[in-house]
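J.: For reference, the sequence and a predicted model appear below.
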Amino acid sequence: AQKVTQAQTEISVVEKEDVTLDCVYETRDTTYYLFWYKQPPSGELVFLIRRNSFDEQNEISGRYSWNFQKSTSSFNFTITASQVVDSAVYFCALTQGGMYSGGGADGLTFGKGTHLIIQP
Amino acid sequence: DGGITQSPKYLFRKEGQNVTLSCEQNLNHDAMYWYRQDPGQGLRLIYYSQIVNDFQKGDIAEGYSVSREKKESFPLTVTSAQKNPTAFYLCASSIPASPRAQHFGDGTRLSIL
């Protein structure tokens, strides 16, 4: 069985602070994919990043960066110089590789989410 | 614009009624999914379909049914057997080997009258 744990239920920081959202996962598969999604108050899920289990290279996209460490089964997400628009619920998710290499054909397993509040 | 359309945005159900949530996509995606989200919770998989005329149960399929007669459409019926249907329902789609993973609709919020 797969499991994703986001231990931080809610984080509140002041604008321009850096913030890291933690994600720890469990899976018995050797091929798997990890994702981060953002859910603003309007409710839709916005895709942020996908990482496969064979690629431990960290990634940076503007103010966002991700740290993937297989040794600790973690896939943490850092926002640098946070802004009020970053306020949202952030979900970490996992799927096994399976027959299809990238789409998560069997569906995603989500963590419970971290509610990030950026105060002006 | 290509995307996933869920309707209605808000839906109310009386006790004992079945209701159907619509999900349509024009992305030419093979796979489609239904998730349920409860307050303070992550998304949980209800059903998914990897191809037309085929679908599989997810983690919480009891009290729900689906059909996949067309590639573009994956309606979800919440039956009277679902005792706690009040939730936010999200539909998603994806293609194999997609670098952008699953695309989500804007969701339908279902409430019991």
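T.: Right, received. Where do you want to start?

J.: Is B:Tyr47 bridged to anything, and to what?
T.: Legend: beta-bridge partners of B:Tyr47 under DSSP bridges are B:Trp34, B:Lys57.

J.: wait, isn't it in contact with B:Leu76?
T.: Yes: under the criterion of CB atoms under 8 Å, B:Tyr47 is in contact with B:Leu76, at a separation of 7.0 Å. (Each C-beta comes from the backbone N, C-alpha and C, glycine too.)

J.: Pull up the overlap in contacts between those two.
T.: In terms of CB atoms under 8 Å, 6 or more residues apart in numbering or on different chains, B:Tyr47 and B:Leu76 are both contacted by the residues B:Trp34, B:Tyr64, B:Val66.

J.: Which residues of chain B lie near chain A?
T.: Proximity of chain B to chain A is assessed by CB under 8 Å from any CB of the partner chain, with B:31, B:33, B:35, B:40-45, B:48, B:50, B:56, B:58, B:88, B:90, B:92, B:94-107, B:109 identified as the residues in range.

J.: So for stretch A:82-100, what gets flagged as buried?
T.: By 16 or more other CB atoms under 10 Å in any protein chain shown, the buried positions in stretch A:82-100 come out as A:82, A:86-98, A:100.

J.: ok now it, how far from the chain's centre?
T.: The chain centroid and the centroid of stretch A:82-100 are separated by 4 Å, computed with CA atoms, centre = their mean, to the nearest Å.

J.: neighbours around B:Pro85, how many?
T.: The tally of other residues near B:Pro85 (other CB atoms under 10 Å in any protein chain shown) stands at 21.

J.: From B:Lys9, how far out is the nearest residue to it once chain neighbours are set aside?
T.: Distances taken as CB to CB, 6 or more residues apart in numbering or on different chains place B:Val78 nearest to B:Pro85, at 4.9 Å, with adjacent residues excluded. Using CB to CB, to the nearest Å, we find B:Val78 at a distance of 16 Å from B:Lys9.

J.: Pick out whichever of the two has more residues nearby.
T.: Here B:Val78 and B:Lys9 are set side by side on neighbour count (other CB under 10 Å), and the busier one is B:Val78, at 24 against 10.

J.: on that earlier part again, and which of the shared contacts of B:Tyr47 and B:Leu76 is nearest chain A?
T.: B:Trp34 (9.2 Å; CB to the nearest CB).

J.: on that earlier part again, ok, the residue nearest to B:Pro85 - contacts?
T.: Applying CB under 8 Å, 6+ apart, we find B:Val78 in contact with B:Arg13, B:Asn18, B:Val19, B:Thr20, B:Leu21, B:Gly63, B:Tyr64, B:Pro85, B:Leu110.

J.: want to throw the shared contacts of B:Tyr47 and B:Leu76 into a markdown table with neighbour count, distance to A:Asp22 and pLDDT?
T.: As requested, these are arranged in a markdown table below (neighbours: other CB atoms under 10 Å in any protein chain shown; distance: CB to CB, whole Å; pLDDT from 0 to 100):
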| residue | neighbour count | distance to A:Asp22 | pLDDT |
| --- | --- | --- | --- |
| B:Trp34 | 29 | 28 | 96 |
| B:Tyr64 | 21 | 32 | 97 |
| B:Val66 | 22 | 34 | 98 |
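
J.: and A:Gln69, how far is that from A:Ile49?
T.: Summarising the geometry, the distance separating A:Gln69 from A:Ile49, computed by CB to CB, is 15 Å.

J.: out of these two, which sits in the busier spot?
T.: In terms of neighbours (other CB under 10 Å), A:Ile49 is the more surrounded of A:Gln69 and A:Ile49; the figures are 18 against 11.

J.: what about the more buried one, helix or strand, and which?
T.: strand A:46-52 (DSSP states H and E).
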